[in-house]
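Colleague: missing the sequence, but the structure's below:
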């Protein structure tokens, strides 16, 4: 079974940057589209961004467009989420998830097949 491990979370000041990583163990990530999702305290899990199997297609939630960038390095079996111009409302546990479909959508939280355990991002001064 595919296992996903997120890393890179932490405390950052508003306006700062972080880069999250999602690594796969056991199986290669090449066979999966990957999405990043987040869940803030007391809120439902929401989609942030997705990237296709090849990396040729990406999509983003409106709330992060222009600030976040998703990318993948299949040779390193890793997907990244570069987060710039962070805001306090970006504070959440960030999860990566995989689907065997060619592409995913941030709006389709329940369509993902595998999930990591998450990494906490806190944006605060």
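Modeller: Received it, and whenever you're ready, just let me know what you need. Being a predicted model, the structure only gives us computed values, none of them experimental.

Colleague: Now do the contacts for the residue nearest to the spatial centre of the chain.
Modeller: Closest to where the C-alpha atoms of the chain average out (CA atoms, centre = their mean) is residue 36, at 2.3 Å. Residues in contact with residue 36 (CB atoms under 8 Å, 6 or more residues apart in numbering) are 20, 22, 47-50, 70, 79, 81, 94-97. C-beta coordinates here come from the backbone N, C-alpha and C atoms, glycine included.

Colleague: If we use 7 Å, what do you get?
Modeller: 48-49, 70, 81, 94, 96 (CB atoms under 7 Å, 6 or more residues apart in numbering).

Colleague: and it, what helix or strand is that in?
Modeller: Per DSSP states H and E, residue 36 falls inside strand 33-39.

Colleague: cool, residue 82 as well?
Modeller: Assigned by DSSP H and E, residue 82 belongs to strand 78-83.

Colleague: Any stretches of this structure with poor pLDDT?
Modeller: Within the chain, no range satisfies pLDDT under 70.

Colleague: could you measure the spatially closest residue to residue 57 that is not a sequence neighbour against residue 118, distance?
Modeller: In space, and not counting its chain neighbours, residue 57 is closest to residue 103: 5.8 Å by CB to CB, 6 or more residues apart in numbering. Distance from residue 103 to residue 118, counting by CB to CB, to the nearest Å: 22 Å.
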